[in-house]
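A.B. asks: missing the sequence, but the structure's below:
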């Protein structure tokens, strides 16, 4: 029987809240100057953030409902649950959480959490948060351990008993506008819900956490007298809310909940915790990674908004796409040298380093997918004299499709390299997002009628790498198995001789050995020199998602004959076709030779450094 399935909890009446010195105290936080509202601490653990127009400002604390009984019900259930878990098991689960989850998302400050556990009334600790941390740690645990088997549940969803208890505590928490620990717990619980397939419930928990953050004024600089540590934690928690909001918006195809106008910080990311005193290379890199990740997901929000606006439009907003492409390019160019993708950095990288580069490539895919795979992607444009407008209409969708395929290849390469890195961590939810996005992009490329037969085996192997990665996450994220199987089924339905990937059950750890290859013709592509680069379409004065391409010759890059026609095997080389006057006309916009060379590179052998160099002037 599950350890906590039928636990009887001590009646609330045995713990009178007015007489217990351990009753949590929450201090009122004044509104920032000029906000025109009032932040009021109501009795019983509640917080009220009243705007200037609210008529509730005239009420006193006594007019708000008391939540003492609810507070003590939560406290009682959480304490009894924690008392039943052996200390050794708790230490094991907590270590897993800190190592495999908090290093990426930085939701909870470790030292403050443990200090708060021994300091009643601290906003950095609550039993609800403690249970959620244990539940998340359990998702990374060795389920064969005897002390872990007691947390296994026989529910259809496959959630642990720790997860079940966290959900019960959350029901009580909904009655209380909670503090920092409640927001942190709800974010973690949202990820747990997603793991068992309840994505909508997880999205709702994230929304509640964000509203609670607004209620506490975490989205603004506070003028209240507080310790630097507490000020740091407030910003850290809001930063976690911001990350989750952007990731979930992409995952579910929703608009972000946190608007730029909601953020009152000049710099969103907390630099470092006061008194941390850590000067190690690893810690410094993790801080840089986190700051760069926050900057990147800021662009995510704009991409998500653009994708939703494209639903009501007959064609993508090219000007907006150009602006976002420029933002992504500037983000990449401004990366610290230690975060650039180089062999040296990969040797010293923390897990977040691989995550960061995956997120960048996924952002490019998300930006270009509407143009690459839209049925209405043919646009009427003013072409050069003598050029068939129909040829012009096809150029940009083809370029976007090619970009999606190449960036998806980079994600597959990064994941494969990561899984061969000693001391790697378990994949987190963002790996599910990047692997799924890359897999879909590659399957779209494989099933397109223009797929070149020499590139198909490489692309197929990359899909299998991504499916294997998703399969390894199946024990933690149910959607990972479902997406992996769906990708394989699509290939089979389209007639690919696809043998599938083992380990789709997700019960075993991923071992990236020799991948199962389709018995396609494995001949080498013909050695074809890149075609001569020339101007193809008059560039407008406005920005373009493909702007910055130059005509400078690159050493070592040859030129093809004038009658060379490009195909999928050599990227988007110049397509020479005869016009009515018999003169060859190019239909590609300023394609740089270095980009042509990159597009001809074997995707599986592709070094991302080559990618960064070749695409520097592309978008």
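C.D. replies: Perfect, thanks for sending it. Owing to the predicted nature of the structure, the values given are computational and were not obtained by experimental measurement. Numbers count the residues shown, from 1 in each chain.
A.B. asks: check contacts around residue 321.
C.D. replies: Counting by Cβ atoms under 8 Å, 6 or more residues apart in numbering, residue 321 touches 306, 367, 368, 371, 545. C-beta here means a position set from N, CA and C on the backbone, and glycine is covered the same way.
A.B. asks: Isn't the third one up against residue 403?
C.D. replies: Yes: between residue 368 and residue 403 there is a contact at 5.0 Å, judged by Cβ atoms under 8 Å.
A.B. asks: For residue 80, the count of nearby residues, please.
C.D. replies: Residues within reach of residue 80, counting by other Cβ atoms under 10 Å, total 16.
A.B. asks: Now do it against residue 169, distance only.
C.D. replies: 11 Å (Cβ to Cβ, to the nearest Å).
A.B. asks: what's the following helix or strand after the helix or strand harbouring residue 207?
C.D. replies: Using DSSP states H and E, residue 207 sits in helix 199-215. Sequence-wise, the next helix or strand downstream of helix 199-215 (DSSP H and E) is helix 228-252.
A.B. asks: where exactly do the helices run in the stretch 1-150 of the chain?
C.D. replies: 68-83, 87-97, 103-105, 110-117, 127-138, 146-149 (DSSP state H, counting those that start in this stretch).
A.B. asks: Of all those, which one comes closest to residue 359?
C.D. replies: With Cβ to Cβ as the criterion, residue 359 lies closest to helix 103-105 of the helices of the stretch 1-150 of the chain, at 11.1 Å.
A.B. asks: May I have the phi/psi pair for residue 150?
C.D. replies: Note on residue 150: its backbone torsions stand at phi -70, psi -20 [degrees, to the nearest 10].
A.B. asks: how many neighbours does it have?
C.D. replies: 17.
A.B. asks: Look up how far residue 85 lies from it.
C.D. replies: 9 Å.
A.B. asks: Also residue 207?
C.D. replies: Taken as Cβ to Cβ, the span from residue 207 to residue 85 is 30 Å.
A.B. asks: pLDDT of stretch 205-221, averaged?
C.D. replies: In this model, stretch 205-221 carries a mean pLDDT of 91.
A.B. asks: switch to numbering from 46
C.D. replies: Happy to do that; since the first residue is 46 now, the last one works out to stretch 250-266.
A.B. asks: I'd like to know which elements the host helix or strand of residue 234 is packed against.
C.D. replies: Per DSSP H and E: residue 234 is located in helix 225-240. Helices and strands touching helix 225-240, as assessed by 3 or more Cβ pairs under 8 Å, 6 or more residues apart in numbering; DSSP states H and E, comprise helix 172-183, helix 206-218, helix 244-260, helix 273-297, helix 474-491.
A.B. asks: For the stretch 446-595 of the chain, give me the ranges with low pLDDT.
C.D. replies: 466-472, 494-500, 542-595 (pLDDT under 70).
A.B. asks: Helices of that one, residue ranges please.
C.D. replies: Using DSSP H, counting those that start in this stretch, the helices of the stretch 446-595 of the chain run over 474-491, 501-517, 523-538.
A.B. asks: could you check the angle helix 474-491 makes with the shortest one?
C.D. replies: In this case it means helix 523-538. For helix 523-538 against helix 474-491, the angle by axes from the mean of the first three to the mean of the last three Cα atoms, to 10 degrees is 10 degrees.
A.B. asks: buried sites along helix 523-538?
C.D. replies: For helix 523-538, the neighbour count (16 or more other Cβ atoms under 10 Å) marks 523, 524, 525, 526, 528, 529, 530, 531, 532, 533, 535, 536 as buried.
A.B. asks: tell me the angle it makes with helix 225-240.
C.D. replies: Going by the same axes, to 10 degrees, helix 523-538 makes 30 degrees with helix 225-240.
A.B. asks: Now do helix 523-538: which elements does it pack against?
C.D. replies: Using 3+ Cβ pairs under 8 Å, 6+ apart: helix 523-538 touches helix 474-491, helix 501-517.
A.B. asks: got it, and the longest one?
C.D. replies: Other elements packing on helix 474-491 under the criterion 3+ Cβ pairs under 8 Å, 6+ apart are helix 225-240, helix 273-297, helix 396-417, helix 434-464, helix 501-517, helix 523-538.
A.B. asks: Could you dump the ones you listed into a markdown table with distance to residue 330 added?
C.D. replies: Output for those, formatted as a markdown table (distance: least, Cβ to Cβ, whole Å):
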| stretch | distance to residue 330 |
| --- | --- |
| helix 225-240 | 24 |
| helix 273-297 | 18 |
| helix 396-417 | 7 |
| helix 434-464 | 15 |
| helix 501-517 | 23 |
| helix 523-538 | 28 |
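A.B. asks: from those, which stretch is densest packed?
C.D. replies: Mean neighbour counts were taken over the helices and strands packed on helix 474-491 using mean count of other Cβ atoms under 10 Å, and the top value, a mean of 26, falls to helix 225-240.
A.B. asks: so it versus helix 244-260, what angle?
C.D. replies: 160 degrees.
A.B. asks: one step back: out of the helices and strands packed on helix 523-538, which comes closest to residue 295?
C.D. replies: Per Cβ to Cβ, nearest to residue 295 of the helices and strands packed on helix 523-538: helix 474-491, 6.5 Å.
A.B. asks: can you pull the contacts of the residue nearest to residue 138 when sequence neighbours are not counted?
C.D. replies: Nearest non-adjacent residue to residue 138, counting by Cβ to Cβ, 6 or more residues apart in numbering: residue 182, 3.6 Å away. By Cβ under 8 Å, 6+ apart, the contact list for residue 182 reads 137, 138, 139, 140, 141, 142, 145, 146.
A.B. asks: hmm, 6 Å instead?
C.D. replies: 138, 139, 141, 142 (Cβ atoms under 6 Å, 6 or more residues apart in numbering).
A.B. asks: How about residue 293?
C.D. replies: Neighbours of residue 293 in contact, by Cβ under 6 Å, 6+ apart: 248, 251.
A.B. asks: Next one, pLDDT for it please.
C.D. replies: So, for residue 293, pLDDT stands at 93.
A.B. asks: ok, now residue 94?
C.D. replies: Confidence score, pLDDT, at residue 94: 58.
A.B. asks: Same question for the one 3 residues further on.
C.D. replies: Residue 97 carries a pLDDT score of 60 in this model.
A.B. asks: Ok, residue 296 next?
C.D. replies: Taking residue 296 on its own, its pLDDT is 90.
A.B. asks: same check, this time on the one 4 residues further on
C.D. replies: We have a pLDDT of 87 for residue 300.
A.B. asks: Could I get the buried residues of helix 523-538 in CSV, plus columns for distance to residue 511?
C.D. replies: Formatted as CSV, those follow (distance: Cβ to Cβ, whole Å):
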residue, distance to residue 511
523, 17
524, 14
525, 10
526, 13
528, 9
529, 8
530, 13
531, 12
532, 8
533, 11
535, 13
536, 12
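A.B. asks: Among the residues you listed, which one sits closest to residue 452?
C.D. replies: Taking the buried residues of helix 523-538 together and measuring to residue 452 by Cβ to Cβ, the closest member is residue 532, at 17.0 Å.
A.B. asks: list the contacts for that closest one?
C.D. replies: So residue 532 contacts 484, 488, 512 (Cβ under 6 Å, 6+ apart).
A.B. asks: Out of those, which is nearest to residue 406?
C.D. replies: residue 484 (12.8 Å).
A.B. asks: The closest one and residue 511 touch, don't they?
C.D. replies: Yes: with contact defined as Cβ atoms under 6 Å, residue 484 reaches residue 511; the gap is 4.2 Å.
A.B. asks: Residue 203 - nearest residue in space that isn't next to it in sequence?
C.D. replies: Setting aside the residues directly before and after it, residue 203 is nearest to residue 241 in space (Cβ to Cβ, 6+ apart), at 5.8 Å.
A.B. asks: for that neighbour, phi and psi?
C.D. replies: With angles defined as degrees, to the nearest 10, residue 241 sits at phi -100, psi 10.
A.B. asks: Tell me how far it lies from residue 517.
C.D. replies: 17 Å.
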